[in-house]
Each structure stands twice: as C-alpha cells, then as structure tokens.
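Asker: Could you work out the structure for the sequence below:
(chains A and B)
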Amino acid sequence: MARGSVALLLHAHLPFVRHPEHEDFLEERWLYEAMTETYLPLLEMLDALERDHVPTRLTISLSPTLLGMFADPLLRARYLRHLDRLVELAEKEERRTRGDPAFHRVAAMYLGRLSRSRAAFLTDWQQDLIGAFRAFQERGLIDIITCGATHGFLPLLDVTPGAVRAQVEVAAAEYRRFFGRGPEGFWLPECAYYPGLDVELARVGVRYFLVDTHGIAHASPRPVYGVYAPIACESGVAVFGRDPDSSKQVWSAEEGYPGDFWYRDFYRDIGFDLELSYVRPYLPPTGQRLHTGLKYHRITGKNDHKEPYDPDRARERAEAHASDFVEARRRQVEWLAEAMDRPPIIVCPYDAELFGHWWFEGPLWLELVLRRLATAGDIVAATPGDDLDRHPTVQLATPSGSTWGWKGYSEVWLAGENDWIYRHLHAAAERLHALCRRYPSADERTRRALTQALRELLLAQASDWAFMMSRHTTVDYAVCRTRDHLLRVERLCDEVERDAVDDLALGTLEETDNLFPTLDYRVLL
Amino acid sequence: MTVGEALAAGLGTIGGWIGCARGAARRVGEVVEGLLDVAVRQDPVPAPPPERPTPSGGTQAEIEEAKFYLGPGPSPPSPERSPGELPRAYGHDRIVLLPRDPWWAFTYWEVTPMTRLRALRVLGAEGEGAREVLRVYDVSFITFTGDNAWLSFDIEVTPGADHFYLNLARPAASYLAEIGLRTPGGRFLPLARSNTVTLPRPEPSPDTTVRWVRLGRHAPPTGTVAGWDGERLPSPPGPGDGSADPRSGATRSSETHAPLRSSR
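Answerer: Next up is the predicted model:
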C-alpha cells in the first residue's frame, strides 16, 4: 500500500506562430525544435512504457495554441520538410565524422534518433500528435489538462468584462473538440492566480488547478498540510501546490540535475561550429546561422571548454539522477506521512520543453523515474485527479495571488519593458466586448468579423510576448505580434461599426490566423 | 553528517541543524515551518542579465527562454504585417490599477483634453497652479463612497505622464486610485476613478480556522465540516523562482529533503 504519491506534471506550450505568407519563417522553428526534441520523444517514452506494461500516471498540459499548431496541415507539412532536412544533415554528419570515433558515435546517435522520430511521426502517429496523446489518455497512461486559450496572463486581464472568461471558455471548448470531454485540470498560464479566478474555472467544470508553493503557503485560512495535500476554493475547485524540493532538483541552476557535467551542452551546435557553406542548406534562406539541434559536446564544466558528449556516461548519470529523485521523494513521503492523516501528494510541475529541448536527457530521466515509481511500492505516480478520487475530503481555503517564475508575482509580465501593452489590451477588449453586446445575433459577415476580432485579441493576450519583452529575447517579434493583433482588432471593429467589412481582407486574416476554427464571438457576452 | 544520517538520528536533530527557532523541533510540522522560515527570511536577488545565457543549468526563466532560443546573435527584424500605429490615446477618461506584487501596483491613465478643460472651468480662479495628482485610497473591506477610505495619499505626477508604479505600504490590502487636479489651496477634483485591486499576501494567513469539504466529481461540494485536532504541518516558503532561489549562505529545505546532489 502506497504511503504517498508523486504527481509529475508537464506543461507543454508554445505561442501560436504560423506565417503562411513566408515560405520559411524563423520563429516557426520554435515549434519544430520542440516537436523533434520534446513532444515526439515524450510520445516515444509513453510508447516504451506501455510496451513494457509499466503502470504509468503522468499529467500533461497541452495548451490550446499548441493543439492548434499540432492540428494545422500547413505546419505539419512544414515540420515534415524540416525533419527531412534534419535527417539529411544527420546522414551527412554520420559520414563526415567517421574518422573521429568520439564525434561519430554522437552523430550516429542523432541519425538513429531522428530516423526513429521521423518514422514515428509519419507511421506510428500518422502526423497526428493530438491523436497520439489522446490515445495514451484513453488507455490511462496520462491525464491531459488544458491551459488559457492563448496563455493569457489572467490576473492582468481581469480588468475588462469577459476577457478572462473568454480565455477559459475557449480553452475548455478546444479541449472538448480535441478530446471529446471537458478538461478536469487547468494549468493557469504562468501559474498566475488571483482570488476569484477559480469561479471562472468552476463554470467550465474544471476540478483542479495548480499554483506555486507560496500560493498555498499563504492561502487563507492557513492550510494545515501545506503543499502536501490539495485545498478547495469556495467554488469547489481544488488547488494543488508545487513542491519546492523536487522543483529545485530539476530547475535549479546550482543543484539541478540538468547542469550535470556529463549531460549534453545546449549551446554548442554545429550550426555555429561548422563551415557556413556546409550548414547553409539547413539554415534559413538569409543564411543566418542558427542552432540545428546537432550538438556534440557535454557541459563539461563551468567555462567554455567543452569535451565530446558521451551518451553512455550521460545515461549512467540519468539513471543515478532518477534513483536519487525517487529516493528523495520516498524519504519525503515517509517523513510527511508520519505527520499527516492522509497520504501526502508531492506535486512536481515542469515545463515540458525542459525535457529534451533544454535538458537533452530529460525524457530518458523521466522514463526512468516513472519505471522506478512503478515498482517503488511505498510511493506511487498519480495525477491530481487520481488524488481527488482517492481523497475527496479537502480543506477549504483560498490560495493567495501568486505566479511561478522570478520573485513569484507578476513582475516578469508587468515591468518597464512591457507595461505599455496593457493599456492597449484592455482598450481592445473593452471595445470588442461593447461591440459584441450590440450584435447579440449578427449577420454572417458581421459574425465572422467579430469572431476574427476576438481571435486576434486572444492572440495579442499571450503571456509569451510580455515574457519575451521582459527577458529581452526576440523583442522585435514579440512587439510586432502584439501590435499586429491589436491593430487587427481595431480595424475589424471599425469595419463592423461602419458596416463596411472587407470580405477579402477578412478571408485572408481567417486563413492566416486560423486558430480556434469553432470560435464564436458570443463567448464574450 | 549526511542528511540520511540526520533523518535516522531523528527529526529533532534536523530541527537543530537548520536552526529551528523553537529549540529542538520534535514534530515534523515544526521542522517544516522552521525550514520554510529560513526561506522566507531571505531576499531574492535579480535574475542574471538575459543577454548571455549561462553555459549550464540556468534559472527557471532562462530555461523557459530556451524555448525561444535559436542561437546567439541578434534576431533579424520581424516583418510587420499590419500598417498603422497603435493609438496614442483612446479618447476616454480612464485610470486602471494593476497589482504587481504584495507591495507594488501599476497604474495607467488617460484624461481627455476636454475633461481637463471642463475641470479647470469648474475650478475657476482656484485652478490657477493646479497640479495633476494620483490620489490613492486604502479601501480594504469597505465599499468606497468617496470619503470613507482608511487612508489616502497623493502623488504628484509629471505633466504628460500616463503611468506610474505605486509603492503601497500594506500587502493584502485593497486600493483604488483617482487621477485628478489638486489646487494650491488643497482642493482635489477627481477626473477618473480606477478599479479596486487587492494585493497578494506575502506571508501565511493569520486565519487558522479549519473547515473540510467533500468534493464531488460533477457535483457541488458538500458536507462542510469545521474543526480539526491534528498536527499542523505546513509551511510558508518564500515566493519566487523555485529554482533560482537566489538565497545564498543559509541551509535550504532541499538540503534536508533531497540530500543527494548531482555530482559535478
């Protein structure tokens, strides 16, 4: 009989980036890299666990924007083209490195992995990643939860009527469209909670969400079991809190596993290390050097000197780290169970893209952790939903306002670099809300225009843009996206007000920003 | 002493090791509280500069950022797709307050020239030398009627300014703000009033009442029961980046829970 459980949660999200107007668009590579390095390896991991009959319970949040991109034929086709090129480059690399055993074995490893991923994408999953994840959910290995429609930072949107509701309801509707039932869990974008947000989640039937540690520790009344048991808001929605210790083991710069010197280095890449003429066919048409994903070095140490990557040693480290992680949870559970009158749950949330993309060995580590948990006996892998099924009696308390990330509040998303966006986001939401109320049953063209305006508003609200501005990374693109979507809302509202909707332009916009095909502007009413 | 040995030796030892203020901690709850007190006492430090990623490990933000990292060097300028500029003003009098953290809020506002003119007309001769000020009200637990705030204070804003970060004194309190004109004689004429915000609480709640509820799968919660005679376990850890925890020098809770470090 297990004395406690471990809930591993992976949050998979990327902003909606789709540029049919360009044959090759740099930022679309965010998706392609995550597909190759994270999403496909996670599916392959689930496949391996299932094949070996390993009892597995894992929670995966798939954001609605990510689902939209998974489902999009254009992005699928472009991804396949990207993957084909990558396999071709890996083949060339396998030949080029034959004289150097240390690098050749790494090159051969990439070729093997990429070829398998390509076969899995094309044959096993039929290019349908949503279907693949859904099948694992239906067979009981994973619980899929949802997230804000476009990952809007909800505490800073709660100024205009309908804005938060639209983020929540559209997400739930997309989940139903893809998975055939409502979402049980909701990953708050950036784990950002404010009291009252749970009421919006309750409206769409969500059972639970997650906050950072201090969201529970500072909840009111004070929770008796801290983050080691869920609490329930007055709305009836349960809340789980992030365990600080397991977080540090994976996220921490100093103590975290991904910084092990035997693991593969993220920054050294042949896109920069080799002759430009050699890698040029695999770079954008501009010839700008970029990461290709083929990286031959291990972290090695804290300076720029890097040794060749050794997959066998890295695997040994992943095994040691998986053992360490499970052992630490076992001790934690043992210790907590003594003082609690219900089995503790240790909640371990991570960005999915940490696994594979940032931490190359992450999916292997995760698989090893799940295999060890399956045989641990005294601790067991569970989802938050499993925990509520087993222990439905929960303390009533309201979490405190909180986020995850730097300093634990809104400072990343509300700072000197990005605070200018909120004036415009709020004005656009207010204007569109008022306009939608004027047209509770619009004619077809007005309906399409208002719906597209809502789509553009949701896209402008993505927390990713504020994050990039604040972190000084791809700022131009983030500013451009925010501005473009807001201008489109303005233009569409103008056209509706003047009863002069430009059919042709609307059609182009619907084709370009084609997210949420069943969206209806009345969600704002 | 390894932590494994410490655990074997008993929780009291760990309590002493991490410096539980209550003396020898005999109960798990006390140990956890002690551990987390340590975390709360320490101040976070700013994240490292974002331009140059660290070669290994990395804070949570850097790891999140890696999703958007395609290599060193500047990204090419993004092609703009929509002509035009965002409006400089929307033509409505408005002030909005946004909570940032337990101590700070952000406010932005717009006052139309017409409203300003009307206000100056109302003030007449009194308006000579009037300044634009933000008046901030503490409206915790009340419905604000204009004159019942617990306290208020003014901040004179630079002419032409349209936003400001407010350093507010009381976490967990509720505030609203007005933008208005204040005459040299002290009269205040509000031009727009904001929404109310409640700042987050940066510490454990003083409310220790305990009520339980049974959650149904597709039904409203039932059977609220008050009272509890168990042992209080938890635990107020400090907010912030679960990874970066920037707190140096002192023992961390993870050193007790998860002693086996990755070897370097």
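
Asker: which residue packs closest to residue 180, ignoring adjacent ones?
Answerer: The chain I'm using is chain A. In this structure, A:Gly180 finds its nearest non-sequential neighbour in A:Arg134, 8.0 Å apart by C-beta to C-beta, 6 or more residues apart in numbering or on different chains. In this view, the C-beta of every residue, glycine as well, is placed from N, C-alpha and C.

Asker: Actually, chain B is the one I wanted.
Answerer: B:Gly180 sits nearest to B:Pro190 (C-beta to C-beta, 6+ apart), 4.0 Å away.

Asker: helix, strand or coil for that neighbour?
Answerer: strand (DSSP: H, G, I helix; E, B strand; the rest coil).

Asker: my guess is it contacts B:Ala177, does it?
Answerer: No. Assessed by C-beta atoms under 8 Å, B:Pro190 is found out of contact with B:Ala177, at 9.7 Å.

Asker: Which secondary structure elements does the strand ranked longest in chain A sit against?
Answerer: The residue-count maximum for a strand in chain A (DSSP state E) belongs to strand A:4-12. Contacting strand A:4-12 under the criterion 3 or more C-beta pairs under 8 Å, 6 or more residues apart in numbering or on different chains; DSSP states H and E are the following elements: strand A:58-62, helix A:311-339, strand A:345-351, helix A:362-376, strand A:379-381, helix A:384-390.

Asker: Just the mean pLDDT for it, thanks.
Answerer: On average, the pLDDT along strand A:4-12 is 98.

Asker: Not counting the helix or strand that it is followed by itself, show me its contacts.
Answerer: The first helix or strand that comes after strand A:4-12 along the chain, using DSSP states H and E, is helix A:29-34. Here helix A:29-34 makes contact (C-beta atoms under 8 Å, 6 or more residues apart in numbering or on different chains) with A:12, A:14, A:17, A:69, A:75, A:78-79, A:82-83, A:290-291, A:293, A:353, A:357, B:67-68, B:70.

Asker: for the helices and strands packed on strand A:4-12, which one ends up most surrounded?
Answerer: strand A:58-62 (a mean of 26; mean count of other C-beta atoms under 10 Å in any protein chain shown).

Asker: May I have it as CSV, with CA atoms only?
Answerer: Only the C-alpha atoms of strand A:58-62 are listed here, as CSV (Å, rounded to 0.1, in the frame of the first residue of the first chain):
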residue,chain,number,x,y,z
LEU,A,58,1.5,11.4,-15.8
THR,A,59,-0.2,14.7,-16.2
ILE,A,60,0.4,16.7,-19.4
SER,A,61,-0.9,20.2,-20.1
LEU,A,62,-1.3,20.8,-23.8
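
Asker: Pull up the pairing partners for that strand, direction included.
Answerer: strand A:4-12 (parallel), strand A:142-147 (parallel) (DSSP bridges).

Asker: any chance of these in a markdown table, with mean neighbour count too?
Answerer: Output for the strands paired with strand A:58-62, formatted as a markdown table (neighbours: other C-beta atoms under 10 Å in any protein chain shown):
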| stretch | mean neighbour count |
| --- | --- |
| strand A:4-12 | 24 |
| strand A:142-147 | 25 |
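
Asker: so where's the chain uncertain?
Answerer: Using chain A. A:253 (pLDDT under 70).

Asker: wrong chain, I was asking about chain B
Answerer: Counting by pLDDT under 70, chain B has low-confidence residues at B:1-59, B:74-82, B:218-219, B:223, B:228-264.

Asker: all helices of it, in order?
Answerer: B:3-9, B:11-18, B:28-41, B:60-65, B:113-123, B:253-257 (DSSP state H).

Asker: I'd guessed A:Arg118 sits against A:Leu83; true?
Answerer: Yes. Between A:Arg118 and A:Leu83 there is a contact at 5.4 Å, judged by C-beta under 8 Å.

Asker: Settle it for me: which of those two has more neighbours?
Answerer: A:Leu83 (20 against 17; other C-beta atoms under 10 Å in any protein chain shown).
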